[in-house]
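A.B. asks: only geometry, no sequence info:
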């Protein structure tokens, strides 16, 4: 709580109420009620690159899709990485229990996001837009998996690990040519899609967004919406196609389902296995399903 008090002081805010926002897995997020009754959010990112990345993405997308307005920015000090003061958006996080009309809207908004081109495959950082090595998306994906192997090997059952290594080679070889470079959200899931009166009112949490290939951005929609409520998939795709062509989902989803889970194992190791154990178990289960193994107890 000391960090949010520091931010409030630096931004000279008159606040009557502070509420912690749950399920903010990387950054600290707080809901503020200001003295005049208005509401706003403060986001304190994990590092300065995430602060700058979210700021640049929100500025780029403000006239493209519904996103929070950046009301103020504090660049931080020796104790706090910095903070964004964001406007409140009317609405609640969507759930998989949605009708076809809302699924269509979500698909259309996702496509409008992907229609925004970036200078190349890469990320915004404090010192500018950083291109990936050789501006090559496929090389970036392979390099990531290579650097994740050692930390995953230390956590995963040996048989599961070996099957994961083989699984990567099998599904990677089947990938089509990437599209883009365009903005990809990297965490496009129900918790980051706000709805009100059966309409999409906001897309939030762009701290991991970057210039990439759209193929990486469907994994969590598939996992947390389509798989739970299959009737949403077709209208979502129709909404997406009303803006731009859809990638070959049958080819890319198996790969990125594996890729996302393999990455999450490393994330749990880096952020603390004990406090992220449920998330670790979820992703190990996904890896087991991906390679065709029974769950290892």
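C.D. replies: Yep, it's here. Values in this document were obtained by computation on a predicted structure and should not be read as measured data.
A.B. asks: so residue 123 is in which element?
C.D. replies: Secondary structure assignment for residue 123, by DSSP states H and E: strand 122-125.
A.B. asks: Residues contacting that strand, please?
C.D. replies: Applying C-beta atoms under 8 Å, 6 or more residues apart in numbering, the contact partners of strand 122-125 are 49, 52-53, 56-57, 129-132, 135, 181, 210-211. Where you see a C-beta, it was placed from the backbone N, CA and C, and this is true even at glycine.
A.B. asks: longest helix anywhere in the protein?
C.D. replies: helix 249-271 (DSSP state H).
A.B. asks: Who are the packing partners of that helix?
C.D. replies: helix 137-155, helix 158-172, helix 219-221, helix 277-291 (3 or more C-beta pairs under 8 Å, 6 or more residues apart in numbering; DSSP states H and E).
A.B. asks: Show me which positions of it end up buried.
C.D. replies: 252-269 (16 or more other C-beta atoms under 10 Å).
A.B. asks: Residue ranges of each domain in this structure, please.
C.D. replies: Domain ranges of the chain: 2-88, 93-291, per automatic domain parsing.
A.B. asks: I'd like those laid out as a markdown table, including mean pLDDT.
C.D. replies: Below are the domains of the chain laid out as a markdown table (pLDDT from 0 to 100):
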| stretch | mean pLDDT |
| --- | --- |
| domain 2-88 | 94 |
| domain 93-291 | 96 |
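A.B. asks: Leaving aside the residues adjacent along the chain, what's closest to residue 130?
C.D. replies: Sequence neighbours aside, residue 122 is the residue nearest to residue 130 in space, at 5.0 Å (criterion: C-beta to C-beta, 6 or more residues apart in numbering).
A.B. asks: sorry, back to before: what's the longest helix of the chain in contact with?
C.D. replies: 141, 144-145, 148, 151-152, 154-156, 164, 167-168, 171-172, 174-176, 215-216, 218-220, 222-223, 237, 276-277, 279-280, 282-284, 286-287, 290-291.
A.B. asks: ok, the strand or helix carrying residue 195: who's next to it in the sheet?
C.D. replies: Assigned by DSSP H and E, residue 195 belongs to strand 193-196. Using DSSP bridges, strand 193-196 pairs in its sheet with strand 92-93 (antiparallel), strand 199-203 (antiparallel).
A.B. asks: Name the stretch among these that sits most buried.
C.D. replies: strand 199-203 (a mean of 19; mean count of other C-beta atoms under 10 Å).
A.B. asks: What's the first helix or strand after that one?
C.D. replies: strand 210-212.
A.B. asks: tell me what that following strand is packed against?
C.D. replies: Checking 3+ C-beta pairs under 8 Å, 6+ apart, strand 210-212 ends up next to strand 122-125, strand 182-184.
A.B. asks: out of the ones you listed, nearest to residue 101?
C.D. replies: strand 182-184 (25.0 Å; C-beta to C-beta).
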